[in-house]
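> Any chance you can model this:
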Amino acid sequence: MRKTAAGRSAAAVCALLLAVTACGSDGGGEQAKAPEELGKSEGKVNIIAWAGYAEDGSNDPETDWVHPFEKKTGCQVNTKVAGTSDEMVSLMKTGQYDIVSASGDATLRLIASGDAAPVNTKLVPHYKDIFPGLKMRPFNSKNGQMYGIPHGRGANLLMYRTDKVKPAPDSWRAVFDDADAYRGHVTAYDSPIYIADAALYLMKSKPSLGIKDPYALDRTQLDAAVALLKKQHKAVGEYWSDYQKEITAFKGGDSVIGTTWQVIANLAQADKAPVKAVLPKEGATGWSDTWMVSAKAEHPNCAYQWLDWIVSPKVNAQVAEYFGEAPANAKACARTADPRHCAVYHAHDESYYQRVHFWTTPIKQCLDGRKDTTCTDYAQWTRAWTEIKG
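Reported below is the predicted structural model:
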């Protein structure tokens, strides 16, 4: 069983707003080329990663896939743990790092700004075993070109206290239109990307708004999502970014319903909290992380060796269990310590993930294909999130 999921904590407000200004770009900075072949190892690789993605045994002596990599390749790993996607984007702009484990709310920013290079998947042998549902997605590719190697995936679920919330909810309506029933005890993910959760609900509950993609919102659609979230704000007791705080809140009853991840539900249940997590009938937002190579990488050969190592079956299984997510490599499922891991996280269930709208950076060029309008970008979402929280 994994030990921590703290890596994906999100900031309430974009602390590094300058890093977001590229969000509105339609991708003018893509000058980097994918290598056609690899050369000798440079002896080191500088990584930006979520906590739990590049473990070297310092947190848990039994959890170490960094030192075996160093021994095999001769590439010394230097890891910078980042707490938010905005921090990752800012760090990548410095040119001091070779690769980053970017989530979908950062990937398009890195592509648009030219900070991420296209990836030659032929130089990553284990790419062939990645689940097809993770390849050539809007958040990790552009114009038929992959800009990274998929790492894993998960859904943002609806968790509730079974002793406090009855009947059992099957819709996001419980935390939006019906949130007053749990006033002061609703919890929501603390990030501008949470606006997409409201948009997803409106996409199903108010089809007249014409929302086709929760990450492609014109001004009217964004305003509708913001209005819904301002209404919800009155019922929210706490916005969460730290998984342990969410577990504590549900155990103590301060939170009785709200967004969560499967791993958090598992840990809360293991701590005897009376909770259950469901994928609502409207579907859900979710996340899939992508290992991306810097356009300014000083150690590209070691970077590519890391890309292949981190999605190799054994290592991808270790990371998926430790962090709490579905692995990207289909063969990893045979290597997990818990034989039920991939079933719990729906790793092989593409019909499940077809209902999950993975985090994708909002940009002005509408991601739903509209050409006659301009959509709102991440900078506008960030300002809206500040307004929502008052």
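> mind exporting the longest strand seen in the chain as PDB, just the C-alpha atoms?
Using DSSP state E, we find that the single longest strand of the chain is strand 284-294. Output of strand 284-294 as PDB, limited to C-alpha atoms (Å, rounded to 0.1, in the frame of the first residue of the first chain):
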ATOM      1  CA  ALA A 284     -15.900  13.400 -13.500                       C
ATOM      2  CA  THR A 285     -12.800  15.400 -14.100                       C
ATOM      3  CA  GLY A 286      -9.500  13.600 -13.600                       C
ATOM      4  CA  TRP A 287      -5.800  13.700 -14.000                       C
ATOM      5  CA  SER A 288      -3.200  12.000 -16.100                       C
ATOM      6  CA  ASP A 289       0.400  13.000 -15.600                       C
ATOM      7  CA  THR A 290       3.000  13.200 -18.400                       C
ATOM      8  CA  TRP A 291       6.700  13.100 -18.200                       C
ATOM      9  CA  MET A 292       7.800  16.000 -20.500                       C
ATOM     10  CA  VAL A 293      11.300  16.900 -21.700                       C
ATOM     11  CA  SER A 294      12.500  20.500 -21.500                       C
END
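> How far does that strand sit from its chain's centre?
On the basis of C-alpha atoms, centre = their mean, to the nearest Å, strand 284-294 sits 5 Å off its chain's mean C-alpha point.
> again with stretch 244-264
19 Å.
> What are the buried residues along that stretch?
245-247, 249-251, 255-264 (16 or more other C-beta atoms under 10 Å). For the C-beta atoms, the positions are set from N, CA and C on the backbone; glycine is no exception.
> quick check: mean pLDDT across that stretch?
Stretch 244-264 shows a mean pLDDT of 95.
> got the end-to-end distance for it?
One end of stretch 244-264 to the other measures 8 Å (C-alpha to C-alpha, to the nearest Å).
> Which secondary structure state is assigned to T259?
strand (DSSP: H, G, I helix; E, B strand; the rest coil).
> Let me know whether N316 touches R153 as I believe.
No. Using C-beta atoms under 8 Å, N316 makes no contact with R153, being 11.8 Å away.
> any shared contact partners between the two?
A328 (C-beta atoms under 8 Å, 6 or more residues apart in numbering).
> who has more neighbours, these two?
Taking other C-beta atoms under 10 Å, N316 and R153 do not tie; N316 has more neighbours (28 against 25).
> mind listing what the more buried one touches?
By C-beta under 8 Å, 6+ apart, the contact set of N316 is 151-152, 310, 327-329, 332, 335.
> what about V263, distance to H346?
When distance is defined by C-beta to C-beta, to the nearest Å, V263 is 13 Å away from H346.
> taking the mean pLDDT, what do you get for the longest helix along the chain?
In the chain, ranked by residue count with DSSP state H as the criterion, the top helix is helix 219-233. Mean pLDDT, helix 219-233: 98.
> Alpha carbons only: can I get that helix in CSV?
Taking Å, rounded to 0.1, in the frame of the first residue of the first chain, the C-alpha atoms of helix 219-233 are listed here in CSV:
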residue,chain,number,x,y,z
ARG,A,219,-17.1,34.0,-21.4
THR,A,220,-20.8,33.2,-20.9
GLN,A,221,-20.1,29.6,-20.0
LEU,A,222,-17.3,30.6,-17.6
ASP,A,223,-19.6,33.1,-15.9
ALA,A,224,-22.2,30.4,-15.4
ALA,A,225,-19.6,28.1,-13.8
VAL,A,226,-18.4,30.9,-11.6
ALA,A,227,-21.9,31.8,-10.5
LEU,A,228,-22.5,28.1,-9.5
LEU,A,229,-19.2,28.0,-7.6
LYS,A,230,-20.0,31.2,-5.7
LYS,A,231,-23.3,29.7,-4.7
GLN,A,232,-21.4,26.5,-3.6
HIS,A,233,-18.9,28.6,-1.7
